[in-house]
Every structure is written in structure tokens, then in C-alpha cells.
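Trainee: Structure, please.
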Amino acid sequence: MKAICRVSKVKGAGSVAGKSTHNYRLAEVPNANPQRAHLNKEYINAQRDLAPAIEARINEAGVTRIRHDAVKGMEVILTASPERFKRDESGQVVGDMRNGKWVAENLRFMQEKYGKNLVAFTLHQDEKTPHIHAVVVPITADGRLSAKELFNPQTLRQLQTDYAQAMKPFGLERGTEGSRARHVSMKQIYGMQQAERQAIEKDIKPAEGLKEPLTIDKPGLLDLANLERWKQQQEEKINREYARRMAQMEKTAQKAQNAAVANATAKSEKKVLQQKLNTSEGLKQANHENAQQTAQKLATTQANLEKVAVLVERGELSPQWSQQTAEQVRARVLPQMERDILASLKEPTHEGRQIVERLQAKGYTLTAGKDPGKIQYLEHPQSGVRVDVQTTRFGGQLITEGITAAIERTRQEEQKREQKQTQNRSRGMRM
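Mentor: Got it, this is the predicted structure:
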């Protein structure tokens, strides 16, 4: 975790007024929580206005020669890595730091470093990460106003080193010296956050409609003749709609999380952005367990319905079941069976038993027919679809023919390898 110390110029009346407005909350500040404003505190400048404080210090030092473009103040922002601060589930920092050791040590450090030139020291706890705005008037020891002399590359590097040393008791360390990383201003951060928030909220609005209850169609006269099929169709419809809603909510939630991670205050903002998705996220969490149970039930129901349809086709159940349903199941399952069988046949094969073991490893069941010593049926594991291996063709050939071809292909490939090895040995002996 890093000790963070950032320095910027306070140049001109407009800049001074802007800093006063922000530091003393004279106008609304993006990402600041008004309900936590009472946790902010000014430790030095009782006037809560930077302009009089800066002018008073310049007059006290007896500075009379001031250039029209002179830098009258330098603002030092003091904070730490966001993860240094303990937070609650919403991402908000826990506790009040106004009388804490961290603030006291920051104040001591700045007073020892800049003495009377330190004219303001403001703690902010209403934003996501606690931080301090310290304003220093750059007056030299011999009474000159010179920001270039007090805040140059060399002194700024030393400031970083000294500050990290002072923050060591709090488990903080210095950033990489000489790093080319550039600080993003708070104005830029606010702008990025506002743009991201608007984009996310735009995506969330459609998700609010996802709370509408799922509905089913009333069965018609034809449906009453086959209620089980109608029930299956309605379950599939509800499952598709539920999956669509879940996918849309997940996409919106992921976009918000990605935006939080990309944000300059990602670690502290992530949980807050997730909370702003309470409509979609709440629905997703509330239905997560139910969704799993429903999906399992639907999968089981679907498998059972398919098996029943196949049993009807075999004549083992009442013909009230639709023959068309059984045909649809077979039409869907047979291509998968063909792929599995052809894949098993492509592997090296020395005997038919190897093909049987490969299919059994995929969950298939092979059973005998009238001849107990001869396999006749191959059954798909989930649907129960069964084919006659003696008459069904896959890839243009019977399964038995495919097994014979696979054995012959394996024999020929092994023979070629042996011949090649023999030739290589012969060449080696001649050499």
C-alpha cells in the first residue's frame, strides 16, 4: 500500500476561488456524500476561504514584489491507497478519522515541513477515499514568493521520500521513484465517472422491466388432447425467457464491474456500482438458487419425456403419446450418436471390443437382441434413443462395417510403420 502525495499549483484568483469552493464544499461536489459532510474538518484556516489566508501570509512575510503571473499557493493532497482504509459492504470507509493518528501525523508532518507557510489543512471524509487538502504559500526563508525554488523536481522527490517515511508506521510505503505514471485530476475523474454512470444507468433501465412475472399461455382445445406436450412447450418457453433475462442482467452487471475496474478509484467504487444495479442484481441473486433448481427439474423432465416418447415408439407405453415427438427426439439425437461413433472408429483399433469400451465410456449402453452372444442395440445415455447396430448406417456404412474397416486401417498403418523402421535400420547398417 502506498503513501500518496500529490502537488499542484494554485495560480490566479480563479484557481484560488475554485479550490475554496471545492475544499469547503461551497457547491455540490460529484461523488461526495452530503450525509457525510459533517465528517469533514478544517484544522488551520478558520475563515474557510483560501484567498484571505493566502494574502495574510504574504503580507505577514513582508512580500511586496509579486509578479502578475506568480503562483501564490501550492496544494498538496495527502492520502493512501484505497485498500488501506477499512470499508463496509457498500464500499464506504468505516469510522471517523478526525481525531485519529493518521490525520494528526499528516498535520505534524506538514507543519514541520512548511511552518507558517501552511495556511490550510482540510480533511475530507465524504468522498470514497479519505484525503487531505493542504495549501502552502511558497515563501522562501529570505522572504520571497517563489514556487520554483520551493517546489522543483528535486524538492518534490524529497517531499515524496520524507512523506513516505512519516507514513511508515501506518504500513505505507513510497511509490516507485522516477515513475512516469501521471496523476489523473479529480476533475477528469469526475467527468469519467459521470459518463460511465450515465452509460450504465442507460443499460439498467431496460433491465428494470425484467421484474415482470413470467406468464404461460392458456391451453387450447388441441392442447387439451395432449396436456403433457403442452406442459413441455410452456416449460421450454419459460426457461428460454428466464435464460434471456438472466443473460441481459449479467451483461449489464459485468459492464458496470468493468467500468469500476477501469475507473481511477476502482477498488473503492466496485461495490458501490454493484449496489446501483440493485434491480437486476437483486433479482439475479434472489433467483439464483431457484434458477439452478428449476434448470435441474427441467433437464430431468425433458429427459424423462424423451425417454417416454421413445418407449411409446417401442410400443411399451400407451400410444396416446405423440409419435411425432419420438421422431423429433430421434432426429435431434441421431447426429450426436453418429459423431460419437465415427470419433470412436477413428482411433487405432485392433478388435471390436475397443469400440464397445469407447462408447461405454461416453455413457452408451450396448445390449444383445435375440442372439445373447451378439450385440444388437446401441442406446443413447440421456434420451434412451436406441438403434440397431446390425442395420443402422452411420457415415454411409454399417457400424459393423466401420469396425472392420477401422481394424484393417490400424493394421495397415502399423505395417507401414514397421516397414519404414526396417528401411531406416537397413540404411543405418549400410552407412
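Trainee: hey, let's count contacts and neighbours off CA atoms from now on
Mentor: Noted.
Trainee: From Ala80, how far out is Ala17?
Mentor: Note on Ala17: its distance to Ala80, by CA to CA, to the nearest Å, is 26 Å.
Trainee: Comparing these two, which residue is more hemmed in?
Mentor: A direct count of neighbours by other CA atoms under 10 Å for Ala17 and Ala80 places Ala80 higher, at 19 against 15.
Trainee: who's in contact with that one?
Mentor: 1-4, 131, 172 (CA atoms under 8 Å, 6 or more residues apart in numbering).
Trainee: where do the helices sit along the chain?
Mentor: 12-23, 50-60, 101-114, 147-150, 153-166, 186-208, 221-224, 227-262, 266-276, 278-314, 323-346, 352-361, 399-430 (DSSP state H).
Trainee: which stretch in these has the least confidence?
Mentor: In terms of mean pLDDT, the lowest-scoring of the helices of the chain is helix 266-276 (a mean of 47).
Trainee: Can you name the residues that contact the nearest residue in space to Gly62 that is not next to it in sequence?
Mentor: Sequence neighbours aside, Gly143 is the residue nearest to Gly62 in space, at 6.9 Å (criterion: CA to CA, 6 or more residues apart in numbering). The contact partners of Gly143, by CA under 8 Å, 6+ apart, come to 61-63.
Trainee: Now for these, which sits with the most neighbours around it?
Mentor: Comparing those by number of neighbours (other CA under 10 Å), Ala61 comes first, having 18 neighbours.
Trainee: Could you measure from it over to Leu378?
Mentor: Counting by CA to CA, the gap from Ala61 to Leu378 is 99 Å.
Trainee: Just give the number of residues close to Pro381.
Mentor: 15.
Trainee: Next one: it, what pLDDT does it get?
Mentor: So, for Pro381, pLDDT stands at 81.
Trainee: same check, this time on the one 3 residues further on
Mentor: Per-residue confidence (pLDDT) for Gly384: 78.
Trainee: List the single closest residue to Arg393 in space, sequence neighbours excluded.
Mentor: The shortest distance from Arg393 to any non-neighbouring residue, by CA to CA, 6+ apart, is to Ile399 (6.5 Å).
Trainee: quick one: contacts for the one you found?
Mentor: 389-390, 392-393.
Trainee: Any of those buried? List them.
Mentor: Neighbour counting with 16 or more other CA atoms under 10 Å marks 389, 393 as buried within these.
Trainee: can you tell me which of the contacts of Ile399 are in strands?
Mentor: Those of these mapping onto strands are Arg393, per DSSP state E.
Trainee: neighbours around the closest residue to Pro130 other than its chain neighbours, how many?
Mentor: Closest residue to Pro130 apart from its sequence neighbours, by CA to CA, 6+ apart: His124 at 5.7 Å. Using other CA under 10 Å, His124 has 24 neighbouring residues.
Trainee: ok, now which ones touch His124?
Mentor: Counting by CA under 8 Å, 6+ apart, His124 makes contact with 39-41, 130-133.
Trainee: Turn those residues into CSV, including neighbour count, pLDDT and distance to Gln154.
Mentor: Shown next, in CSV, are those (neighbours: other CA atoms under 10 Å; pLDDT from 0 to 100; distance: CA to CA, whole Å):
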residue, neighbour count, pLDDT, distance to Gln154
Leu39, 15, 92, 35
Asn40, 21, 92, 33
Lys41, 17, 92, 32
Pro130, 20, 91, 28
His131, 20, 93, 24
Ile132, 24, 93, 23
His133, 21, 95, 22
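Trainee: Tabulate those in CSV, adding columns for distance to Arg245.
Mentor: Formatted as CSV, the contacts of His124 follow (distance: CA to CA, whole Å):
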residue, distance to Arg245
Leu39, 42
Asn40, 43
Lys41, 47
Pro130, 39
His131, 41
Ile132, 45
His133, 46
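Trainee: Among these, which one lies nearest to Asn23?
Mentor: His133 (7.1 Å; CA to CA).
Trainee: From Val389, how far out is the closest one?
Mentor: From His133 across to Val389, the span is 82 Å (CA to CA).
Trainee: Selection in ChimeraX covering whichever of the contacts of Ala80 are buried, please.
Mentor: Command for ChimeraX, covering only those of the contacts of Ala80 found buried under the criterion 16+ other CA under 10 Å:
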select :2,3,4,131,172
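Trainee: Among the contacts of Ala80, which ones are in strands?
Mentor: Those of those mapping onto strands are 3-4, 131, per DSSP E.
Trainee: From these, pick the one nearest Leu118.
Mentor: His131 (16.6 Å).
Trainee: need the contact list for that closest one.
Mentor: 77-80, 123-125.
Trainee: What's the separation between the residue nearest to Gly62 and Arg25?
Mentor: 32 Å.
Trainee: and if you look at Val137?
Mentor: Applying CA to CA, the value for Val137 to Arg25 is 21 Å.
Trainee: More neighbours: these two, which one.
Mentor: The residue with more neighbours, out of Val137 and Arg25, is Val137; 26 against 16, by other CA under 10 Å.
Trainee: you'd agree Gln125 is up against Ala37?
Mentor: Yes - the pair Gln125 / Ala37 is scored as a contact, 7.3 Å apart, by CA atoms under 8 Å.
Trainee: Comparing those two, which residue is more hemmed in?
Mentor: Gln125 (24 against 15).
Trainee: From Glu89, how far off is the more buried one?
Mentor: Distance from Gln125 to Glu89, by CA to CA: 17 Å.
Trainee: and if you look at Asn33?
Mentor: Distance check for Asn33 against Glu89: by CA to CA, it reads 16 Å.
Trainee: Check Val389 too.
Mentor: From Val389 across to Glu89, the span is 61 Å (CA to CA).
Trainee: for Asn106, same thing?
Mentor: Asn106 sits 28 Å away from Glu89, taking CA to CA as the criterion.
Trainee: which one of these two has more residues nearby?
Mentor: Asn106 (18 against 10).
Trainee: how is this structure carved up into domains?
Mentor: Listed by automatic domain parsing, the domain ranges of the chain are 3-180, 189-314, 323-425.
Trainee: Could you check what's spatially nearest to Ala147, not counting adjacent residues?
Mentor: Pro138 (5.1 Å).
Trainee: Run a quick check on that neighbour versus Leu118, I expect a contact.
Mentor: No - using CA under 8 Å as the test, Pro138 is too far from Leu118 to be in contact (9.0 Å).
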